[in-house]
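Participant: Fold the following.
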Amino acid sequence: MTALHARPASAPAPWLRWPDWRVLVQPVAAGVLGFVFSMLAVTLVPMVLGWSSSVVLSGSMQPAIAPGDVVICAPAEPGRLTPGHVVRFRDPARDGRHLMHRIVEVRPDRTLVTKGDDNPAADSTVVPAGDVTGVARLRVPWVGLPALWWRDGQYGRVATLATALALLWWARHTESGEQPHARRSSADAEPLYD
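Facilitator: I've put the predicted structure just below:
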């Protein structure tokens, strides 16, 4: 006895076929890439408003701000700085370098005593209010990690991240080679008996 409409031995049943890998990977790739690009946009868009961003390179403000975070700073108004504000300022000890610490005291002469949250003591040098270049308004986690890795000579991590993002981009934009399966209605079914 033979079946009139037997399925070829090489073709698995439709419910047993493994889906095309793109069906699984493309939504994940779209989600990851969307997250990465939205984090970058959050970091760059405030610059249109005259704000600026800084990659945090040290752990002096942990746990509130970690190395590799990007902090968006609004322009500083020296007369409105109060204890508790996290500010970016010119490092009084090293030219060309900026620090980001919390104000712990505003002295009567309008100089600021600052301290990193993770540091045991306040900074030894006071900061003139005019040296404050921004007030922290927003922290974007992890976005600055590639810059931190590059500075520390961890080029393998930068290359791995770039490769992963390139593969996700490729996976997201790769066309499927299969054609969608046409649905068959009961009217299209072939009769089992003639």
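Participant: Could you list the residues in contact with the longest helix along the chain?
Facilitator: Longest helix in the chain by number of residues (criterion: DSSP state H): helix 21-44. With contact meaning C-beta atoms under 8 Å, 6 or more residues apart in numbering, helix 21-44 is reached by 53, 70, 72, 138, 140, 142-143, 165, 168-169, 171-172, 174, 176. All C-beta spots, glycine's among them, are computed from the backbone N, C-alpha and C.
Participant: same thing but at 7 Å, please
Facilitator: 53, 70, 72, 140, 143, 165, 168, 169, 171, 172, 174, 176 (C-beta atoms under 7 Å, 6 or more residues apart in numbering).
Participant: Can you name the two of the residues you listed that sit furthest apart?
Facilitator: 72 and 176 (39.7 Å; C-beta to C-beta).
Participant: of the two, who's got more company?
Facilitator: residue 72 (21 against 11; other C-beta atoms under 10 Å).
Participant: Could you give the average pLDDT over the host helix or strand of residue 160?
Facilitator: Using DSSP states H and E, the element containing residue 160 is helix 155-173. For helix 155-173, mean pLDDT rounds to 89.
Participant: Direction-wise, compare that helix with helix 21-44 and give the angle.
Facilitator: For helix 155-173 against helix 21-44, the angle by axes from the mean of the first three to the mean of the last three C-alpha atoms, to 10 degrees is 120 degrees.
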